[in-house]
Structure formats: C-alpha cells, structure tokens
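> Next input, structure requested:
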Amino acid sequence: MDKRTGKKTINQRAPIADVGLPSYTLDEVVDFWLRVKRGKNLKERRIEQINKTRKSIYGED
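Coordinates of the predicted model:
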C-alpha cells in the first residue's frame with residue numbers, strides 16, 4: 001500500500017475582513033482616468049472624442 005498522502009485541503013473558508021474600499025463618484029473616476037490617459041500621451045483629439053461620448057451616454061451638458 002502507498003503510504004504517501006497528497007496536499008491536505010482546507011474545507012472551511014475564512015471570512016474576508018472589511019478593508020473599507022474607497023467610494024468614488026463617476027466624475028472622480030473619469031477625471032482620474034483622463035489624467036492617466038494624458039500621462040500616456042494619448043492624443044488630445046481622442047480624449048475629446050471620449051469626453052463627447054461619455055457626455056452623450058450619461059446625459060451631461
């Protein structure tokens with residue numbers, strides 16, 4: 001008989017602690033995203049197109 005055993009499995013899961021993830025508004029997320037894209041030297045024309053599309057989707061003026 002083979003006396004070797006495999007890796008033991010854990011049958012219980014421990015709950016994940018509440019880490020208090022930050023909550024951002026849509027405007028904050030978009031502003032951050034635009035800063036990142038500008039930092040990557042994305043063409044300003046492309047950024048304007050993205051803003052135009054975003055405004056038409058979310059109904060902003």
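> Show me what stretch 54-61 is in contact with.
Contacts to stretch 54-61, defined as CB atoms under 8 Å, 6 or more residues apart in numbering, come from residues Leu26, Val30. Every residue, glycine included, has its C-beta placed from N, CA and C.
> Kindly report the same for stretch 38-47.
In contact with stretch 38-47 (CB under 8 Å, 6+ apart) are residues Leu34, Lys37.
> measure stretch 7-25 end to end?
Terminal residues of stretch 7-25 are spaced 45 Å apart (CA to CA, to the nearest Å).
> do stretch 20-33 as well
Termini of stretch 20-33 sit 22 Å apart (CA to CA).
> Buried ones in it, by neighbour count?
Val30 (16 or more other CB atoms under 10 Å).
> Now tell me what touches it from outside.
Residues beyond stretch 20-33 that count as contacts (CB under 8 Å, 6+ apart) turn out to be Arg54, Tyr58.
> hmm, try it at 7 Å
Arg54 (CB atoms under 7 Å, 6 or more residues apart in numbering).
> quick one: it to chain centroid distance?
10 Å (CA atoms, centre = their mean, to the nearest Å).
> just stretch 6-13 next, same as before
In terms of CA atoms, centre = their mean, the centre of stretch 6-13 is set 31 Å apart from its chain centre.
> what ranges do the helices span in the protein?
26-39, 44-58 (DSSP state H).
> Give me the average confidence score over the last one.
The average pLDDT within helix 44-58 is 84.
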